[in-house]
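Asks: No letters, just coordinates:
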Ligand SMILES: [Zn+2]
C-alpha cells in the first residue's frame with residue numbers, strides 16, 4: 001500500500017495568539033491570557049509520533065506548496081482572499097472573519113500552504129500515484145465559507161482541492177466528503193450545497209458549532225446528508241451511522257474518490273467535544289471507508305486534517321488512522337481504557353437520529 005502523507009513544519013507556525021480557549025483574554029472578566037484551543041501542539045505532536053513510532057518510513061511524503069490565488073478562487077471570493085492577504089501583511093496580522101479565527105503576520109502564506117497540501121494530496125490519490133493518504137495541515141478548513149473564514153478556518157482546504165480538481169478533471173468528477181470532526185462541516189456543505197456531483201456527509205455533535213447549522217433537513221439538491229448526533233455518542237452510534245447511512249450512501253453515489261474532513265475532536269478525551277470515539281474507533285471508521293473505497297473507486301481515499309484539541313490523545317488518533325491506511329502497525333493505544341466505557345453501546349436516541357438521516361439515502 002502506498003500511503004501519501006503531507007506535513008510541513010510551517011503549519012506549526014500558524015500563530016493563533018494568547019486566547020483563553022476560544023475567548024480573547026480580558027482581565028476585567030477574569031480571563032487570564034493562556035493558549036487558544038487551536039494551538040500548534042495537538043498537530044505537531046501527531047507528526048512527531050508518526051516520526052518517532054517509525055511509521056514515517058512507510059509513508060510517501062507528498063510535499064505541500066502554496067495554493068495560488070487562482071486556485072483559492074475556485075471556491076472563495078476574491079474579496080475574502082484579498083482581505084486575508086492584506087491583514088496578513090500587517091505587523092499584527094488579522095482574523096479569518098468571525099473574530100475567533102486570529103492569525104499572525106504571514107498567516108496568509110501558511111493558510112495557502114494548507115490548501116496547497118490538500119490540492120497535492122487529492123491529485124496524488126486521484127492519479128493513482130499513491131493509493132490513499134492523509135494531509136496533516138493547519139489551519140483547518142471545513143468551517144470556512146466562500147466569503148470568509150470562521151471557526152479557526154481561513155480557507156476551505158478540502159473544498160479548494162475539489163474545486164481545483166474539477167477544473168483539471170471536469171465538472172463531472174464525483175466526490176464524497178465525509179466529515180467526522182465533532183463540529184458541523186458547514187463550510188464544505190455551503191460551498192457544494194447545489195452541486196449534484198459532490199456528496200457531503202457530516203457526522204457531528206448536534207448544534208455544538210455552529211449553533212444554527214447541521215440539521216438533517218438541509219439537503220440542497222439532495223446531495224447533502226447531515227447526521228447530527230446527541231452528545232455522548234460512542235462507537236455504537238458512530239458505527240451504526242456508518243453502516244446505515246455513510247457506507248450505503250457512498251455505495252449508491254459511486255464517487256471517483258472519497259475524502260474525509262478528519263477531526264479528532266470527536267475523541268473521548270477532547271476538551272471541545274462531548275463524544276466518545278477512541279483511536280480504535282477512528283481506525284474502524286477508516287477501515288469501513290477503505291472497504292467501500294475498494295468496492296466503488298479503486299480504494300481512492302484521502303483525508304485532510306481539521307480539529308482535535310487534546311495534545312496528548314490526538315496523536316494516537318492520527319497514528320491509528322495512518323496505521324490503518326498504510327497497513328503498518330507500530331504502536332498500540334496507551335489510553336485504550338476509553339474503549340471500555342459503557343457509553344459506547346448504541347442508545348435508542350442515537351439510533352433515531354441516524355434513522356432520520358437514513359431516509360435521505362433512499363432519495364440519492
Ligand atoms: Zn472541530
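Replies: It's in. From a predicted model like this one, the values you see are computed outputs, not experimental measurements. Numbers count the residues shown, from 1 in each chain.

Asks: how near is the closest residue to residue 308 other than its chain neighbours to residue 281?
Replies: For residue 308, ignoring the flanking residues on the chain, the nearest one in space by CB to CB, 6 or more residues apart in numbering is residue 264 at 3.0 Å. For glycine as for every other residue, the C-beta is placed from the backbone atoms N, C-alpha and C. Note on residue 264: its distance to residue 281, by CB to CB, to the nearest Å, is 10 Å.

Asks: So for the two, which sits in the more crowded spot?
Replies: residue 264 (31 against 24; other CB atoms under 10 Å).

Asks: Look at residue 93 and say how many residues are nearby.
Replies: For residue 93, the count of nearby residues is 19 (other CB under 10 Å).

Asks: next one: residue 20
Replies: 17.

Asks: Where is the longest helix in this protein?
Replies: helix 107-127 (DSSP state H).

Asks: my guess is the residue nearest to residue 308 contacts residue 317, does it?
Replies: Yes: the pair residue 264 / residue 317 is scored as a contact, 4.0 Å apart, by CB atoms under 8 Å.

Asks: quick one: common contacting residues for these two?
Replies: 282, 308 (CB atoms under 8 Å, 6 or more residues apart in numbering).

Asks: dump the residue contacts of the closest residue to the ion within the stretch 251-364 of the chain.
Replies: Closest residue of the stretch 251-364 of the chain to the ion, CB to the ion: residue 307 (2.8 Å). Under the criterion of CB under 8 Å, 6+ apart, the neighbours of residue 307 are 38, 140, 152, 181, 182, 183, 263, 264, 265, 272.

Asks: My read is that the last one contacts residue 265, right?
Replies: Yes: here residue 272 reaches residue 265: they are 5.1 Å apart, a contact under CB under 8 Å.

Asks: Identify the contacts common to these two.
Replies: 182, 183, 307, 309.

Asks: what secondary structure does the third one sit in?
Replies: The three-state assignment at residue 307 reads coil, by DSSP: H, G, I helix; E, B strand; the rest coil.

Asks: Residue 331 and residue 279: what is the separation?
Replies: Distance, residue 331 to residue 279, using CB to CB: 10 Å.
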